[in-house]
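>>> What follows is a predicted protein model with its sequence.
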Amino acid sequence: MSKRKLTRQQAWRVEKIQEERARRAARRGSEAERALGSGDLGPEQEGLVVAHYGTQVDVEGESGLCQRCHLRANLEGLVTGDRVVWCEGEPTGVVVAQLARHSVLSRPDPYGKLKPVAANIDQIMLVIAPVPEPHGNLVDRYLVAAETVGIEPVIVLNKTDLLADDEALRQRIDDLLRIYPELGYTILRTSSRQGGLEALREALCERISVFVGQSGVGKSSLINALLPDADLRVGELSAQAGKGTHTTTTARLLHLPSGGSLIDSPGIREFGLWHMTREQVEQGFREFRPFLGNCKFRDCQHQHEPGCAILAAVETADISATRLESYRHIVASLDSY
């Protein structure tokens, strides 16, 4: 995959941004060290980062209350969902350490560098809908991306009320989704209009989840149905932290009334195939894995090569021809990401 080359002006901007980040980190470190040295902080405790505002974070403590916190200078990479060690303070606390992550979701910045946007996610809810009508290649793109970051994907067919009066559309959707349970993927059918959310609530319980999918599939409607007072909760969170509501947070974590938590931001909802290689795409098709490495040629493209193990698996119906074609489309489009 070709690497994007920066112009002189872009390189200058990158350098200036990095210098500003270094200055902010130094200021943040000074503020944190002053607070630590003052002796006015509470004992160390574990907490959860529930919102990130660039130079500061909101941390939820063991009591459930939140406080705005400074970061020690060596904690530049914290994101929403991180588990941390922190100390309460007045008016702000201090995060002193970051605990190990079990997963991280990243996306490229405008200059192509991958940056984490959320951590410790348990599952990715891929939302599709009858309108806009999905296609297999779209679903597979999201599934491959989820497989690559090692987070379990769940397919959520939303707006199922639109299928009631359209038999042809319902049949096309059923045909599209038929293969995925055979591959081990869970499919949930929901409708925020008809109140069909119980299975979704159960799947979200006791887990940290994110919603992804193309525009118009009803992600916002689902989130609003699950969290009808989400805006109020964000306001309360900001009030607890002693600050006004911010609109520039990279991501926010909200607890669901039925149990579990949701990390949400527009950047996460647009999660996709960022900076992937052909080999990663291969691994992202879980039914390909038993056959990878068995092709006659090491650089096999799984097109028409003799001795291709993937093509042989299609002939024996161990791999769907539709999924192979989807793989080819994804690989052909990688340079556009």
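Nice, I can see it.

>>> Setting the sequence-adjacent residues aside, check what's closest to Asp318.
Once flanking residues are discounted, Asp318 sits nearest to Glu287: 7.0 Å by C-beta to C-beta, 6 or more residues apart in numbering. Placement of C-beta: from N, CA and C, glycine included.

>>> Can you get me a residue count around the one you found?
17 (other C-beta atoms under 10 Å).

>>> do you know how far it is from Leu177?
Remark: distance between Glu287 and Leu177 (C-beta to C-beta, to the nearest Å) = 16 Å.

>>> hang on, the earlier thing: for the residue nearest to Asp318, phi and psi?
Phi and psi for Glu287, reported as degrees, to the nearest 10, are phi -80, psi -10.

>>> Which parts of the chain are strands?
Per DSSP state E, the chain carries strands over the ranges 44-52, 56-60, 66-71, 83-87, 93-98, 104-108, 114-119, 123-128, 152-157, 186-189, 208-212, 252-255, 261-264.

>>> rank the ones you listed by pLDDT, which is bottom?
Looking at the strands of the chain, the lowest mean pLDDT belongs to strand 104-108 (a mean of 83).

>>> Which strands and helices lie in contact with it?
Applying 3 or more C-beta pairs under 8 Å, 6 or more residues apart in numbering; DSSP states H and E, one finds that strand 104-108 contacts strand 114-119, helix 136-149.

>>> Name the strands paired with that strand and say parallel or antiparallel.
Strand 104-108 has these partner strands in its sheet, going by DSSP bridges: strand 114-119 (antiparallel).

>>> quick one: contacts of the partner strand?
Here strand 114-119 makes contact (C-beta atoms under 8 Å, 6 or more residues apart in numbering) with 77, 79-82, 101, 103-109, 210, 250-251, 263, 265, 267-268, 274-275.

>>> Below-threshold pLDDT in this protein: ranges please.
For the chain, the stretches flagged by pLDDT under 70 are 1-6, 8, 10-11, 14-39, 110, 230-250, 266-274, 335-337.

>>> What is the neighbour count of Asp318?
Around Asp318 there are 14 other residues, counting by other C-beta under 10 Å.

>>> can you pull the contacts of it?
Going by C-beta under 8 Å, 6+ apart, the list of residues near Asp318 reads 287, 290-291.

>>> Present the residues you listed as TSV; the columns should include distance to Pro91.
Listed next are those as TSV, based on distance: C-beta to C-beta, whole Å:
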residue	distance to Pro91
Glu287	55
Pro290	57
Phe291	59
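
>>> Next one: the residue lying closest to Lys159 once chain neighbours are set aside from Val154, what distance?
Excluding the flanking residues, the one nearest Lys159 by C-beta to C-beta, 6+ apart is Ala129, at 4.2 Å. Ala129 sits 15 Å away from Val154, taking C-beta to C-beta as the criterion.

>>> what about those two, which has more around it?
Using other C-beta under 10 Å, the more surrounded residue of Ala129 and Val154 is Ala129, with 24 against 19.

>>> shouldn't the more buried one be in contact with Val156?
No. Counting by C-beta atoms under 8 Å, Ala129 does not reach Val156; the two are 9.1 Å apart.

>>> how is this structure carved up into domains?
With domains defined by automatic domain parsing, the chain comprises 8-47+55-98, 104-269, 278-336.

>>> contacting residues around Phe285?
Taking C-beta under 8 Å, 6+ apart, we find Phe285 in contact with 140, 144, 147, 323, 327.
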